[in-house]
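Visitor: Got a predicted model here, sequence first, then my questions.
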Amino acid sequence: MERSRRSFLKILGISTLGLGTLSAVDLLAKAEMGKAEYSPNPKGMTGKRWALVVDVKKLDEETTQKAIEACHLIHNVPDYGDEEEIKWIWTDKYEHVFPGQEHAYLAEEIEEKPFLLLCNHCSNPPCVRVCPTQATWQRGDGIVMMDQHRCIGCRYCMAACPFGARSFNWKDPRTTYFKDKEPPNPKYPTRTKGVVEKCNLCAERLAVGEMPACVEAVKDSKAIVFGDLEDPHSEARELLHERFAIRRRPELGTSPNVYYIV
Amino acid sequence: MYNKGLVITGIVIFVVFFTSPFLIGLVKSGPPPEPELSPKAKLAKQCVEAKEYMVESHMQMLNDWRNEAIREGKRIYVATDGKEYTVSLQNTCMDCHSNKSKFCDQCHNYAEVNPYCWECHIEPKEKL
Ligand code: SF4
Ligand code: SF4
Ligand code: SF4
């Protein structure tokens, strides 16, 4: 059978067109299915600059432990008890927390006191600037978030954070610490080997209208107050207006959002 | 054609050799598995979207879910039929599909894919 080049090209053109429409129809059908939408929970808390105000005098050793325990239980943070420890919230002594502010005649109460520490959710976070994958980034409400799905474990952020707020998973918590015991909160994931983790200001709780777990754990004493600093009537803002509060290492310019009333 | 016999045998060997992974796969894998629905999933009749869509695109959807929930803070999924769900693999998907070994694993093992969701997300405890 002889076929002219012309008719061959015609057939070719028509079949390409046909195939093209077929896959276009297929794609459209799929797009149609994916028309669903996403929205934030209307019960969720919204703010512009979340902050914590810690009243050091109200935090005795017991309440401090309560806050730490609440956070670590709710977020399935393992307790390795060695140099590979993972911490979202922890304590340290005044001289380490506020270096350069110590002097020989410091009140004993302050000198020995365990200060409650966590990520400062800095307004100008160096950890975010160095992260090559945007696994850590700053949300519109000021929370410096981690997306463990994206973290490649390069630990640049740990080098950048001047507050030691980040921990690296040297080992897989599920095959070590949680090998023989269940992670305490079955509603929250654990982490895996090779990712960095830190306090997320309880983003998952704020999303459903709940207070951060550490704040809730000590709410009887009102030792930690949570609020939006951009809102002049928030509890945190009012407290800062009334009482003198300091932040960790403000001279570094990261602009921490955790305040300490000492 | 010169060496007709040789050439044809050669071609046959070539074809068999290069399709052998598929042929072996066909013999070895057997019929595709039938993932089993948990009683709760059965009762619900439909997943968040139509079955065909879920079978084909659940991985894409989960990817969107994680981005929307974590990065955009949008933790409610309004499905095509208007129903609302909490965007959570661990707490929404697995609440219904509480039988991971008989549901997820069936196809994943068959297709030899190894999603690493479960290295962090906690799977429901199954009654064995
Ligand atoms: S305290 Fe450290 S980890 Fe937290 S936002 Fe500031 S620099 Fe980043
Ligand atoms: S360790 Fe993870 S979060 Fe930190 S800088 Fe690297 S990718 Fe970003
Ligand atoms: S705000 Fe939430 S995540 Fe951060 S230390 Fe407190 S309880 Fe832990």
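Guide: Right, received. Where do you want to start? Residues are numbered from 1 along each chain as shown, chains lettered A, B, ... in the order given. Ligands and ions are numbered 1, 2, ... in the order given.

Visitor: switch to C-alpha atoms for all contacts and neighbour counts from now on
Guide: Will do.

Visitor: Next one: the residue nearest the centre of chain A from ligand 1, what distance?
Guide: Residue closest to the average C-alpha location in chain A (C-alpha atoms, centre = their mean): A:Asn200, at 2.2 Å. Applying C-alpha to the nearest ligand atom, to the nearest Å, the value for A:Asn200 to ligand 1 is 9 Å.

Visitor: pretty sure that residue contacts A:Arg139?
Guide: No. Using C-alpha atoms under 8 Å, A:Asn200 makes no contact with A:Arg139, being 10.9 Å away.

Visitor: what's the overlap in contacts for the two?
Guide: Common contact partners of A:Asn200 and A:Arg139 (C-alpha atoms under 8 Å, 6 or more residues apart in numbering or on different chains): A:Met145.

Visitor: Check which element follows the longest helix seen in chain B along the chain.
Guide: Secondary structure of chain B per DSSP state H: the longest helix is helix B:4-29. Counting by DSSP states H and E, the next helix or strand C-terminal to helix B:4-29 is helix B:39-44.

Visitor: Pull out the buried positions in that following helix.
Guide: By 16 or more other C-alpha atoms under 10 Å in any protein chain shown, the buried positions in helix B:39-44 come out as B:Ala41.

Visitor: where does chain A come near ligand 3, residue by residue?
Guide: Counting by C-alpha under 6 Å from any ligand atom, the residues of chain A close to ligand 3 are A:71, A:88-89, A:118, A:199-202, A:212-214.

Visitor: can we see that at 8 Å?
Guide: Along chain A, the residues adjacent to ligand 3 under the rule C-alpha under 8 Å from any ligand atom are A:67-68, A:70-72, A:74-75, A:88-89, A:117-119, A:198-203, A:212-215.

Visitor: Now intersect those with the helices, please.
Guide: A:67-68, A:70-72, A:74, A:203, A:213-215.

Visitor: Now do residue 60: how many residues are near it, please.
Guide: I'll assume chain A. 13 (other C-alpha atoms under 10 Å in any protein chain shown).

Visitor: nope, chain B please
Guide: Using other C-alpha under 10 Å, B:Gln60 is surrounded by 11 other residues.

Visitor: how far away is it from ligand 2?
Guide: 23 Å.

Visitor: Where does that residue sit, in terms of helix or strand?
Guide: Element membership for B:Gln60 (DSSP H and E) is helix B:51-66.

Visitor: Could you list the low-pLDDT ranges of the stretch 101-250 of chain A?
Guide: Regions of the stretch 101-250 of chain A meeting the criterion pLDDT under 70 are absent.

Visitor: Now do the strands for it: every range, in order, please.
Guide: Secondary structure of the stretch 101-250 of chain A, counting by DSSP state E, counting those that start in this stretch: strands at A:115-118, A:136-138, A:144-146, A:167-168, A:196-197, A:224-228.

Visitor: For B:Ala69, find the nearest of those strands.
Guide: strand A:144-146 (11.9 Å; C-alpha to C-alpha).

Visitor: Is any residue of the closest one near ligand 2?
Guide: Yes. Applying C-alpha under 8 Å from any ligand atom, one finds strand A:144-146 in contact with ligand 2 at A:Met146.

Visitor: Could you see whether ligand 1 lies near that strand?
Guide: Yes. Interface with ligand 1: strand A:144-146 contributes A:Val144 (C-alpha under 8 Å from any ligand atom).
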